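Enquirer: need a structure here:
(2 chains)
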Amino acid sequence: MGAMIEIENLQKRFGSITAVDGVSFTVERGTVLGFLGPNGAGKSTTMKMLTGFLPPSGGTARIGGHDIQTDGLAAKKLVGYLPEGAPLYPDMTPEAFLLFIAEVRGLSGAAARARVAEVAEKVSLQKVMRQPIETLSKGFKRRVGLAQAILHDPQVLVLDEPTDGLDPNQKKEVRALIRSMQQDKVIILSTHILEEVEALCSRVIIIAGGRIVVDCTPAELAAKSKWHNAVRIELSSSEARRVESALADTYGGSHVETLASTSGSTTLLVTTRERRAILPEISQRAQKEQWKLDGLHVEHGRLDEVFHELTRAGARN
Amino acid sequence: MRNTLVLFKRELAGYYATPVAYVFICIFLLLCGILTFYLGNFYDAGQATLGSAFFEFHPILYIVLIPAIAMRLWAEERKQGTIELLMTLPVTLPQLVLSKFLASWVFAGIALALTFPLWITVNYLGDPDNGVILASYLASWLMAGGYLAMGACISAVTKNQVIAFVLAVIVCLLFLIPGLPQVSEALSGVLPSEALVEAVRSFSFMTHFGAIARGVIDLRDLVFFASVIGVFLFMNAVVIELKKAD
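Expert: Numbering: from 1, shown residues only, chains lettered A, B, ... in the order given. The predicted structure is shown next:
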């Protein structure tokens, strides 16, 4: 059997607007794929086509070998989906709602109830199972949405902005939950939060203007940053002038940047054009010339900066 | 079939999850009572029948009440975004359309069945033809089904329940007025042939409802309601397919 998800030249047009313009990729089991892009880049539209909500205008996708257009029902059985904003029926209780999902997913009676209880425990919903969903907090609502998506232990999990609008603690919980499920599954999640990609994903696809602009690992993405291998130096302001001029002589004035300077302490950033690893030589030199440093760190690259560069370029094309 | 049943159950339970169902049933029963005893002069007529005082008002009553049941069917689903949830579950579009319609139809049936005290009253007071009453109930329920199919279809067009309601009232009205006696008379003056007037009349719910309510269960009347329901449910599915993403 081939890859779990195969997407071939997927396109979606709304009138004269092309939302998704020839997206192709495959995803293997065990992958957590982060789907990044600015708003309106086509992330959600791609996910909506993959999950069978929207029919593609061109191209197709296969889930577990089932074509989403000709064999949609079989494809949908393999997928758990959390739509953007986690829509739910406000009048229902989580219990009634999850039992409904369980029944649609082919469970019934005691088996359905057992599975609902199991999933409710997994996402810590037990306390609110009998309250109407509309009375629940945002965090609980999102958990109901997640519970709904994972109820049938799907092989493919598609999560559209799963942590959007949650507080930091809730974000952490949702991430832990996603991490606990990644084995033997394909998880595709879209997000705006770059730290989430670093924390969760084994692969990143950045989409802009309906096209894929990058498809790599988070580490490779960070390596594209101009700050990759840059060295950050923290020291007292009195020491800063001496060190800064010494570094500027070696690396060029434009490559030594003062990031912050507050109450007697200064942070410098040293970069090279070729993104060379310069930490060893700087630390050697610091010892030799007896610089008094408070901290010396190597930067791995900034995803937000890469993201900005890539999506801006993509939007221009 | 199993999926349709699961969806149907959720949909029907949905009516009772909020006060909407109870309010609706109360108002329906209240209006039935008022129309029957005040406008219909149930007692003064001195007849052991429900026809002229009770069932006669149903076509008009339903114009307002049935769109109120149907307006939320799809509009709310689209407004809440739950349509995306629903349509990415392993169910087919016909199953969804059918289950929603059936749930609303059964709900209307429950409201209708709760008028049974009138039936008991008329049996207590006199000796009515219960066959005719049963046929009238059937006619009323079929008519409700026709209106509901229209309302469901229109509810799929918009996210706004108020718009869905108003549009549905208008469409339901269009399927009623050709059968009103005054309209028929006016039409005979305008249209060149009597056959044409008859053709227009045959599109009215009034005509077919009246026929069955008299106790004559003619296949043609049943086919009429079945086709109206079928056509509008088909259109409902088409509209959803086209507009679900908007």
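Enquirer: what's the span of stretch A:284-303, first residue to last?
Expert: 29 Å (Cα to Cα, to the nearest Å).
Enquirer: who's sitting farthest from the centroid in chain B?
Expert: residue B:192 (32.4 Å; Cα atoms, centre = their mean).
Enquirer: now that one: how far from chain A?
Expert: Noted for residue B:192: a distance of 44 Å to chain A, by Cβ to the nearest Cβ, to the nearest Å. Where C-beta positions appear, they are placed from N, C-alpha and C, glycine not excepted.
Enquirer: double-check that that residue belongs to a helix.
Expert: No. Counting by DSSP: H, G, I helix; E, B strand; the rest coil, residue B:192 falls outside a helix, being coil.
Enquirer: distance of it from residue B:174?
Expert: To residue B:174, residue B:192 is 22 Å away according to Cβ to Cβ, to the nearest Å.
Enquirer: what is the neighbour count of residue B:193?
Expert: By other Cβ atoms under 10 Å in any protein chain shown, 9 other residues sit near residue B:193.
Enquirer: ugh, wrong one, I meant residue A:247
Expert: By the criterion of other Cβ under 10 Å, residue A:247 has 21 neighbours.
Enquirer: dump the residue contacts of it.
Expert: When contacts are counted by Cβ atoms under 8 Å, 6 or more residues apart in numbering or on different chains, residue A:247 touches A:256, A:268, A:270, A:282.
Enquirer: repeat for residue A:166
Expert: A:138-139, A:142, A:174.
Enquirer: out of those, which is nearest to chain B?
Expert: Checking the contacts of residue A:166 against chain B by Cβ to the nearest Cβ gives residue A:142 as the nearest, at 13.5 Å.
Enquirer: save the contacts of residue A:247 as JSON lines, and put in distance to residue A:35, neighbour count and pLDDT too.
Expert: As requested, those are exported to JSON lines (distance: Cβ to Cβ, whole Å; neighbours: other Cβ atoms under 10 Å in any protein chain shown; pLDDT from 0 to 100):
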{"residue": "A:256", "distance to residue A:35": "37", "neighbour count": "20", "pLDDT": "83"}
{"residue": "A:268", "distance to residue A:35": "36", "neighbour count": "21", "pLDDT": "85"}
{"residue": "A:270", "distance to residue A:35": "34", "neighbour count": "23", "pLDDT": "85"}
{"residue": "A:282", "distance to residue A:35": "37", "neighbour count": "20", "pLDDT": "85"}
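Enquirer: of those, which belong to strands?
Expert: When DSSP state E is applied, these are split such that A:256, A:268, A:270 fall in strands.
Enquirer: where does the one residue in the stretch 151-300 of chain A that gets nearest to chain B sit, in terms of helix or strand?
Expert: Nearest residue of the stretch 151-300 of chain A to chain B (Cβ to the nearest Cβ) works out as residue A:158 at 8.7 Å. Counting by DSSP states H and E, the element that carries residue A:158 is strand A:156-160.
Enquirer: contacting residues for residue 167?
Expert: Just going to use chain A. By Cβ under 8 Å, 6+ apart, the neighbours of residue A:167 are residue A:139.
Enquirer: that's the other chain; I wanted chain B
Expert: B:154, B:157-158.
Enquirer: most neighbours out of the residues you listed, which is it?
Expert: Result: residue B:154 is most packed of the contacts of residue B:167 (other Cβ under 10 Å), 29 neighbours.
Enquirer: what strand or helix carries that one?
Expert: With DSSP H and E as the test, residue B:154 turns up in helix B:130-155.
Enquirer: and the next element down the chain from that helix?
Expert: That would be, after helix B:130-155 and using DSSP H and E, helix B:161-174.
Enquirer: ends of stretch B:149-168, what's the gap?
Expert: Termini of stretch B:149-168 sit 10 Å apart (Cα to Cα).
Enquirer: what residues of it count as buried?
Expert: If you call a residue buried by 16 or more other Cβ atoms under 10 Å in any protein chain shown, then stretch B:149-168 has these buried ones: B:149-161, B:164-165, B:167-168.
Enquirer: same check, this time on stretch A:243-254
Expert: By neighbour count on 16+ other Cβ under 10 Å, the buried set for stretch A:243-254 is A:243-244, A:247, A:251.
Enquirer: got it, and stretch A:182-202?
Expert: Those would be A:182, A:185-191, A:193-194, A:196-201, for stretch A:182-202 by 16+ other Cβ under 10 Å.
Enquirer: same check, this time on stretch B:86-103
Expert: Under 16+ other Cβ under 10 Å, the buried positions of stretch B:86-103 are B:86-91, B:95-103.
Enquirer: so which of the residues you listed are also by chain A?
Expert: When Cβ under 8 Å from any Cβ of the partner chain is applied, the members of these adjacent to chain A are B:87-91.
Enquirer: any chance of TSV for these, columns pLDDT?
Expert: Output for these, formatted as TSV (pLDDT from 0 to 100):
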residue	pLDDT
B:87	93
B:88	94
B:89	95
B:90	94
B:91	94
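Enquirer: where do the helices of the chain begin and end?
Expert: Assuming you mean chain A. Counting by DSSP state H, one finds helices in chain A at the ranges A:43-50, A:72-77, A:94-104, A:109-122, A:138-150, A:168-180, A:194-200, A:218-223, A:237-251, A:279-288, A:303-316.
Enquirer: wait, I meant chain B there
Expert: Under DSSP H, chain B gives helices at B:2-17, B:20-34, B:42-45, B:58-70, B:72-80, B:82-87, B:93-113, B:116-125, B:130-155, B:161-174, B:181-190, B:194-201, B:205-213, B:219-243.
Enquirer: lowest-confidence stretch among these?
Expert: Looking at those, the lowest mean pLDDT belongs to helix B:42-45 (a mean of 74).
Enquirer: so which bits of it are buried?
Expert: Under the neighbour-count criterion of 16+ other Cβ under 10 Å, helix B:42-45 has residue B:42 buried.
Enquirer: ok now it, how far from the chain's centre?
Expert: Centroid displacement of helix B:42-45 relative to its chain, using Cα atoms, centre = their mean, to the nearest Å, is 27 Å.
Enquirer: so what touches that helix?
Expert: B:36-37, B:52-54.
Enquirer: what's the PyMOL line that selects buried ones from those?
Expert: Those of the contacts of helix B:42-45 that count as buried under 16+ other Cβ under 10 Å are selected in PyMOL with:
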select buried, chain B and resi 36+53+54
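Enquirer: what's the farthest-apart pair in the contacts of helix B:42-45?
Expert: Maximum pairwise distance in these, criterion Cβ to Cβ, is 12.8 Å, between B:37 and B:52.
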